[in-house]
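In: generate a structure from the sequence data that follows.
(2 chains, ligands or ions: 4)
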Amino acid sequence: MAVKGRIVRISGPLVVAEGMQDAQMYEMVMVGEDKLIGEITRIRGDKAFIQVYESTTGLKPGEPVEGTGAPLSVWLGPGIIGNIYDGVQRPLPLIAQTIAEKAPHRKMFIERGIHVDSIPRHKKWHFKPGINGSKPEIGGKVEAGDVIGTVPETSLIEHRVMIPPGIRGRLKWIAEEGEYTIEDTIAVVEQDGKEVEVKMAHRWPVRIPRPYKAKLEPSLPLVTGVRIIDTFFPMAKGGTGAVPGGFGTGKTVTLHSLAQWSDARVVVYIGCGERGNEMTEVLERFPEYKDPWTGKPLMERTILIANTSNMPVAAREASIYVGVTLAEYYRDMGYDVLLVADSTSRWAEALREIAGRLEEMPAEEGYPSYLASRLAEFYERAGRVEALGSPDRHGSVTIVGAVSPPGGDFTEPVTSHTKRFIRVFWALDTKLAYSRHYPAINWILSYSAYVDLVSDWWHKNVDPRWREYRDQAMEILMREDELQDIVRLVGTESLDEKDKLILEAARMLKDGFLKQNAFDPIDAFATPEKQFKLLQLFIDFYRKALELVEHGIPVAKIREAVGRLYVDMVKAKFEIPNDKLEEIEQLKAKALKVLEELETRTG
Amino acid sequence: MSYGVREYTRVREIKGPLLIVEGVSNVAYDEIVEVELASGEKRRGRVLDVQRGVAVVQVFEGTTGITTTGTKVRFLGRPLEIPVSEDMLGRIFNGLGEPIDNGPPIVAEDERDVNGAPLNPSERAYPEDFIQTGVSAIDGMNTLVRGQKLPIFSGSGLPHNVLAAQIARQATVRGEEEEFAVVFAAIGIKYDDFIFFKKFFEETGALNRVAMFVNLADEPAMIRLVTPRAALTLAEYLAYERDMHVLVILTDMTNYAEALREISAAREEVPGRQGYPGYLYSDLASIYERAGRVKGKNGSITQMPILTMPNDDITHPIPDLTGYITEGQIVLSRELYNRGIYPPINVLMSLSRLMKEGIGPGKTREDHADVSNQLYAAYSRGVELRSLAAVVGEESLSPVDRKYLEFADLFEKKFLRQGERENRTIEQTLDIAWDILSILPEEELTNIKEKHIKKYHPKYRGA
Ligand SMILES: Nc1ncnc2c1ncn2[C@@H]1O[C@H](COP(=O)(O)OP(=O)(O)OP(=O)(O)O)[C@@H](O)[C@H]1O
Ligand SMILES: Nc1ncnc2c1ncn2[C@@H]1O[C@H](COP(=O)(O)OP(=O)(O)OP(=O)(O)O)[C@@H](O)[C@H]1O
Ligand SMILES: [Mg+2]
Ligand SMILES: [Mg+2]
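Out: Numbering: from 1, shown residues only, chains lettered A, B, ... in the order given. Ligands and ions are numbered 1, 2, ... in the order given. Next up, the predicted model:
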């Protein structure tokens, strides 16, 4: 039944086959004698244009192309978490194992034409029917999205087994609690007089968003532990953001920090056209690092997808869709999922390369005219939703994409189109990075549309004055930026005392709050409480100092009086851990006392 | 992959380095080709595009003198392969991997496809062994580790060759006797530059652990697309099958990228920035990513590509895309060079992304990370103030700011500057750093933990 054609042309990752009249657009096909995985991206007459996800070296015209009858799809079921996949959901360790069997000395390389199971087919999982103590009723109605049982997938993630999309009817039978593989039937549903077997795994086409009941407005912050993010440019659960920046400005470190520290339940990390070692780093560290929220190994909540820069370009295009589909699947269970993609520019370049080979009309800088709509579709798959079926579940997918603009120029097409579809913009700055101000997030160019949304959460959970402090700190930083223009012309000495104080306060904020070393055990992750306490330290100090200045005490005097205490204040972020916040209070009291003494002495 | 040799004679078109051959069948994508001219001369090429009956062949040695009639095109039934063997160390090859030193023929232990295959990220081992290069600006602030790819971004006339040679001579992993094997790829460089390296290897007595792949400026440009790949194919064999630590020097990657642009233009592809093909990034990655370490193997490949930035412009596509792939970069500065500072490394623009894993207690010293951060903070402040002072005058700077100016000068003269043969230990490097940092008031050292100040600051150390 599936179509069978023959190759007529090979050009890089693009293969053209004829005899493909019954092929479907986006159908997955097997190309050549080695059955390389490909996907149909254009059909003209009986010719199909196929992007091939593996190296095409050695392919010849005349070799067969076989349809699979289905679009490129992923396997959804227990066994996804903790895995590392290539761009089309093949587990990389299994690829290595398969190669090791025939050529042990080549084990470290990826060869083509290897077919391995995406999720373990023979592993037994402990299935327990029902959820939260209530068992589905035999004879009762079930429909897509209903949770009919659970499986402990990792120590952190309870896998909620749902009726797959498309099934609706009466539950005829459900398996007893016990050990099952994903190929075992765990329920039978009577649908239109026919019996449908339900298993723990099903497939879903990656280019089609998974359905949900309703989309909701994000309302909770995604707490990341990164001060400049949480305090100044917060992300929301279900929100969208971009991290653009030239090379070496800190995109990957930022995404690693989010993957490591944020309070998402599941993290999907897509390495899309970036370095192999960056994936290795996650693979080596995440099983050792502890999730700050649960104390469990981070790998127990993480899914990795790796199409590194030296892996086939076409699979780069697919990897983004594979990742977001996995994210939606865990969202449907009711989890808050964070998806980070490093880098969406490489994905866009893959689109461009394929479009070029298809000889499509290029738009800006050679990118195809549908670049913007593809980006929009991708970010549109983020969101907080009410999931299908019962019990009621809310889940979210937060998407953060790195953008790698050529020459660090933010006016290029990928950055400028991305800006239209995201709501948080963390602009990385080459100049900050050169002076090792990390994270090099530029506080003038960055923005977040979620500040208002997350204020409530801060006010309820941290401090009712959060917004006031945050806004005042932001004002100081903005004012300093204006003053710097003047300083560059005339130096600091001619500024009035209040402005000099702004410079001092901004310097404290930059050194003591904004700069955060992602590799320092104490500094890397700051709880919201610590963030607020530090903010208060600097702002209360500034307020008191401003009083002094208004009483005619020069800034130089204040500096002198504060002396070495300044160092302690600025180092508090890495000297005082999250569980000793009273020390920040004490430090603040000391600093204010110094100012008061100075006031009485001179006043 | 092997499907026998087939010969065809219908050359339909010749353009640039490309031959369009008709009437072919059973030709494979990326297959290697032998072109025999009417004169009997033989050249090599590679299939870039194949449609039923028609193949596009890129001729490495160029198409000059090829005619549409009387030319025989033989498809060799395999991708471009080179022999690999340990005996290739100490030998000199052309850009396609054939010996050119009149030595004995290579007895191949195996034949390998020069394109290699992507390393499986789950089989990599993260690089973390500190390499002491003896150069303070590198060891102290942009530490190199074994298995890293760290390019030198240079400009024409800057001393990148001298620096690369100094690194190759001095690089050691402390506590290990073993020296690096060096695989050197000359990609379209001038004869003088080649002789510089050849002499250098001879003088240091290193020749027997160096393999050189040489494509000079006056040799066919298309071969440049093969040269770094041939070199890396040997490096992979030595590292992963012979457990050697290999240092690969690729110079000059700008010539490589220009050859790629030439072939892309001949194929009439949609050009990307400045005429370079849109796939320049992936293509460069297929070279640079062939560095690293793998699980269960002792060997490693450390890559040091050298490239000259056209017009010293770091945003030019070649350095830009390289920086997006490599694990940092060492940037040379014409300004420092003109002021007589060797090595003229612009530390602010330089970066080693793998530094954090290679330093610290047990590897270098516990204060290393803090000291490096402080040097960066202080030097960048000093440089900023230097340009401010040029506008408003040094007198209108505060006393502390003037200290920073002094620091920036000392940094360049004492820390950065060193001899071409001066090999500093990491302790010497860090001690120089403390000496110059100590001219700043202590409360300026906000990047350094109190306990490190107490232990290493000259003020306390003396006591
Ligand atoms: N967990 C899995 N991960 C990845 N691929 C899988 C997985 N399970 C099955 N496949 C592959 O998907 C394809 C279709 O699966 P399907 O279960 O329909 O076929 P099958 O198991 O081979 O045959 P049958 O169902 O008749 O026993 C097969 O080629 C199979 O190898
Ligand atoms: N928050 C941080 N704390 C400490 N160091 C940082 C931080 N952010 C970035 N860095 C430093 O900057 C280097 C480069 O960062 P990163 O690899 O994330 O850059 P990038 O923007 O992803 O670059 P590319 O586009 O080339 O991948 C890191 O290796 C690290 O040394
Ligand atoms: Mg089956
Ligand atoms: Mg990165």
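In: report the contact partners of residue 140.
Out: All of this is about chain A. Residue A:140 makes contact with A:170-171 under the criterion C-beta atoms under 8 Å, 6 or more residues apart in numbering or on different chains. The C-beta positions use only the backbone N, C-alpha and C, and glycine is treated the same way.
In: that's the wrong chain, I wanted chain B
Out: Neighbours of residue B:140 in contact, by C-beta under 8 Å, 6+ apart: B:368, B:371-372, B:375, B:415, B:426, B:429-430, B:433.
In: can you do 10 Å?
Out: B:347, B:355, B:359, B:364, B:368, B:371-372, B:375, B:415-416, B:424, B:426, B:428-430, B:432-433 (C-beta atoms under 10 Å, 6 or more residues apart in numbering or on different chains).
In: is stretch A:240-250 positioned near ligand 4?
Out: No. Using C-beta under 5 Å from the ion, we find that stretch A:240-250 stays clear of ligand 4, coming within 7.5 Å at best.
In: end to end, how far does that stretch reach?
Out: 19 Å (C-alpha to C-alpha, to the nearest Å).
In: list phi and psi for residue 285.
Out: Picked chain A for this. phi -90, psi -40 (degrees, to the nearest 10).
In: the intended chain is chain B.
Out: Given degrees, to the nearest 10, the pair of backbone angles that residue B:285 has is phi -60, psi -30.
In: give me the pLDDT for it.
Out: Note on residue B:285: pLDDT of 95.
In: got the end-to-end distance for stretch B:410-422?
Out: The first-to-last residue distance of stretch B:410-422 comes to 18 Å (C-alpha to C-alpha).
In: the closest residue in space to residue A:125 that isn't next to it in sequence: which element?
Out: Among residues not flanking residue A:125 along the chain, residue A:151 sits closest, at 4.5 Å (C-beta to C-beta, 6 or more residues apart in numbering or on different chains). Assigned by DSSP states H and E, residue A:151 belongs to strand A:147-152.
In: packing partners of that strand?
Out: With contacts taken as 3 or more C-beta pairs under 10 Å, 6 or more residues apart in numbering or on different chains; DSSP states H and E, strand A:147-152 sits against strand A:125-129, strand A:158-162, strand A:168-174, strand A:185-191, helix A:313-333.
In: can you rerun that using 8 Å?
Out: strand A:125-129, strand A:158-162, strand A:168-174, strand A:185-191 (3 or more C-beta pairs under 8 Å, 6 or more residues apart in numbering or on different chains; DSSP states H and E).
In: which residues are in contact with stretch B:290-299?
Out: Counting by C-beta under 8 Å, 6+ apart, residues outside stretch B:290-299 touching it are A:108, A:276-277, A:310, B:116, B:119, B:123-127, B:146-149, B:232, B:235-236, B:238-246, B:248, B:300-303.
In: could you give me the buried positions within that stretch?
Out: For stretch B:290-299, the buried set under the neighbour-count rule, 16 or more other C-beta atoms under 10 Å in any protein chain shown, comprises B:290-294, B:297, B:299.
In: distance from it to the middle of the chain?
Out: 18 Å (C-alpha atoms, centre = their mean, to the nearest Å).
In: return a ChimeraX selection command for the buried portion of the contacts of stretch B:290-299.
Out: The ChimeraX selection below is limited to those of the contacts of stretch B:290-299 classed as buried (16+ other C-beta under 10 Å):
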select /A:108,276,277,310 /B:116,119,123,124,125,126,127,146,147,148,149,232,235,236,238,239,240,241,242,244,245,246,248,300,301,302,303
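In: select from the contacts of stretch B:290-299 every entry located in helices.
Out: A:276-277, B:232, B:235-236, B:238-241 (DSSP state H).
In: between which two of those is the distance greatest?
Out: A:277 and B:241 (21.0 Å; C-beta to C-beta).
In: name the nearest residue to residue B:105, sequence neighbours excluded.
Out: Using C-beta to C-beta, 6+ apart, the nearest residue to residue B:105 is residue B:99, at 7.0 Å.
In: local confidence estimate at that neighbour?
Out: 94.
In: before we move on, what about the one 5 residues further on?
Out: Among the per-residue scores, residue B:104 shows a pLDDT of 93.
In: equivalent analysis for the one 5 residues further on, please.
Out: pLDDT, the model's per-residue confidence, is 93 for residue B:109.
In: residues in contact with it?
Out: By C-beta under 8 Å, 6+ apart, residue B:109 lies in contact with B:83-86, B:237.
In: how about the residues you listed, which pair is most distant?
Out: B:83 and B:86 (11.5 Å).
In: tell me which of those two has more neighbours.
Out: residue B:83 (20 against 15; other C-beta atoms under 10 Å in any protein chain shown).
In: circling back to that earlier point, just the buried residues of the contacts of residue B:140.
Out: Applying 16+ other C-beta under 10 Å to the contacts of residue B:140 flags B:347, B:355, B:359, B:364, B:368, B:371-372, B:375, B:415-416, B:424, B:426, B:428-430, B:432-433 as buried.
In: and these, which of them are in helices?
Out: B:355, B:368, B:371-372, B:375, B:426, B:428-430, B:432-433.
In: which of the residues you listed lies closest to ligand 4?
Out: Sorting these by distance to ligand 4 puts residue B:355 at the head of the list, at 15.1 Å, by C-beta to the ion.
In: how near is the residue nearest to residue A:125 to ligand 4?
Out: 35 Å (C-beta to the ion, to the nearest Å).
In: residues near that residue, how many?
Out: The burial count for residue A:151: 20, using other C-beta under 10 Å.
In: could you do residue B:456 as well?
Out: 22.
In: quick check: it touching residue B:367?
Out: Yes. If you go by C-beta atoms under 8 Å, residue B:456 and residue B:367 touch, sitting 5.1 Å apart.
In: and residue 57, what does it touch?
Out: This is for chain A. B:1, B:28-30, B:79, B:113, B:115.
In: wait, I meant chain B there
Out: With C-beta under 8 Å, 6+ apart, residue B:57 has these contacts: B:18-21, B:33, B:35, B:45-48, B:73.
In: ok, residue B:319 next?
Out: Applying C-beta under 8 Å, 6+ apart, the residues contacting residue B:319 are B:153, B:307, B:309, B:313, B:329.
In: from these, which two are the most distant?
Out: B:313 and B:329 (13.9 Å).
In: point out the residues in the stretch 201-350 of chain B that sit beside chain A.
Out: By C-beta under 8 Å from any C-beta of the partner chain, the residues of the stretch 201-350 of chain B that approach chain A are B:240-241, B:269-273, B:278-279, B:281-282, B:285-286, B:289-290, B:292, B:294-295, B:297, B:315, B:317, B:320-321, B:323-325, B:327-329, B:348-349.
In: same thing but 7 Å
Out: Listed as neighbours of chain A in the stretch 201-350 of chain B under the rule C-beta under 7 Å from any C-beta of the partner chain: B:240-241, B:269-270, B:272-273, B:278-279, B:281-282, B:285-286, B:289, B:292, B:294, B:315, B:317, B:320, B:323-325, B:327-328, B:348-349.
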